[in-house]
Structure formats: C-alpha cells, structure tokens
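*Asks:* Give the three-dimensional model of this entry:
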Amino acid sequence: MSYRLKLTITISLLIAISFGIGGTLMITTSFNATLKQETQSALSSFESVQNMLYLLNSLGDQSDYESLADALSQMETQGLGRWQALTLKNSEEELFRSGSAELLNYSLPVPAPDQCSYLPVADDQGHGLIVRSLISAGETDLQLQARFDVSHIYEIRAAQQKQYFIVYIAVVFF
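*Replies:* Purely as a prediction, here's the structure:
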C-alpha cells in the first residue's frame, strides 16, 4: 500500500471519528439543555399550583379542603394544569386526583414543608418528572404530588440521533 493511500485512509478515519464525537456531543448537550429547561418549566408550573393552594388555604378555613379540590378541578377543566397526573392528600384521605394513580406510584423523599422534591422517571407511560411537596394547612400538612410528561424531549433526541446516524454514514462513505 502506498504512503499516499495510507495517509488518505488515516485522515479519513480521523475526520470520521471527529465528526462522530462532535455530533454526539452536540446532540447530548442540546438534549441536556432542553431537559433542564423542561424540568424548570415543570417545577415552575408546580410551584404555581402550590402557591395558588397556599393562597386559597390562607384566605379560607384551613380545614375546608373542598375549595382546594374545586380550584384544582377548575384549573384542569380550563386547561391551566400542565400535569399528566396530580393528587392532593391529607393524612386521612385523597382530596383530589387527576389522571391515573399508577403515574404517581413512586416514592420520593418527603420534603420539608414548603419545599419540593422531584424525580425523573421512565416507565410504560413514557418519561416523566414526579414532583412532590408538603403544604402547611393549619395543624396538618397536605401532600401535593404531580407528574409532568417530558417524553417529547426523548422523542426529539431519538429523531436527532437517527437523522445524525444517516448523515454520519453518508459522510463516512463519501
């Protein structure tokens, strides 16, 4: 094999490897940034619900959980809730539930009152973000837990990877 051919093959392999690593890093960086942004958006939406419940609870009788459930129901009816599933419970009963209970069947650490904890999950329903908080309501704490769907981000990443693979193969053969 001539020196020129060896040099051409070596340079071609280096370009292919560099292109592969660069494209993979670009897709991964884009995905992580989008996932972080979507997580912040879900947490912001959750905090809005949480703040609305605080406000209603402070304005009315702190043991009148029916008004809290009604407010959540109205939010859902008007399309203001971005959640895939949501539940509001006190120590004795479930006060409100939207969506399937299976979507919320995850154990999260119990956050301090007025704080929230979250957990990214993947299951048969797709990818989601489970968020949980405790809301002080007089003598008792209410547990608010929601699931937000983030499957579309993973679908976009899969489409980008597929498209990139096709381009990568074409560049390598070229």
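
*Asks:* How far away from the center of its chain is stretch 142-151?
*Replies:* What separates the centre of stretch 142-151 from the centre of its chain is 9 Å, taken as CA atoms, centre = their mean, to the nearest Å.

*Asks:* Can you point out the buried residues in that stretch?
*Replies:* 142-150 (16 or more other CB atoms under 10 Å). (Glycine included, C-beta is placed from N, CA and C.)

*Asks:* So which of those is the closest to S136?
*Replies:* The nearest member of those to S136, counting by CB to CB, is L142 at 8.0 Å.

*Asks:* So what pairs up with that closest one in the strands?
*Replies:* Note on L142: beta-bridge partners by DSSP bridges are I135.

*Asks:* give the contact list for it.
*Replies:* 53, 65, 68, 88-90, 95, 134-135 (CB atoms under 8 Å, 6 or more residues apart in numbering).

*Asks:* Out of these, which sit inside strands?
*Replies:* Among these, the residues falling in strands (DSSP state E) are 88-89, 95, 134-135.

*Asks:* want to try TSV for the buried residues of stretch 142-151, with distance to Q125 and pLDDT as columns?
*Replies:* Shown next, in TSV, are these (distance: CB to CB, whole Å; pLDDT from 0 to 100):
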residue	distance to Q125	pLDDT
L142	25	84
Q143	21	88
L144	20	89
Q145	15	91
A146	14	92
R147	8	93
F148	12	93
D149	8	92
V150	11	93
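
*Asks:* quick one: the helices in this protein?
*Replies:* Shown for the chain, the helices assigned by DSSP state H span residues 3-59, 65-77, 151-173.

*Asks:* By mean pLDDT, show me the worst of those.
*Replies:* Out of the helices of the chain, helix 65-77 stands lowest, with a mean of 81 (criterion: mean pLDDT).

*Asks:* CA atoms only: put it into CSV for me.
*Replies:* This file holds the C-alpha atoms of helix 65-77, laid out as CSV (Å, rounded to 0.1, in the frame of the first residue of the first chain):
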residue,chain,number,x,y,z
TYR,A,65,-60.2,21.1,51.6
GLU,A,66,-63.2,21.0,49.2
SER,A,67,-62.4,24.5,48.0
LEU,A,68,-58.8,23.4,47.2
ALA,A,69,-60.1,20.4,45.3
ASP,A,70,-62.5,22.6,43.4
ALA,A,71,-59.8,25.0,42.4
LEU,A,72,-57.6,22.1,41.1
SER,A,73,-60.6,20.8,39.2
GLN,A,74,-61.3,24.2,37.6
MET,A,75,-57.6,24.5,36.6
GLU,A,76,-57.8,21.1,34.9
THR,A,77,-61.1,21.9,33.2
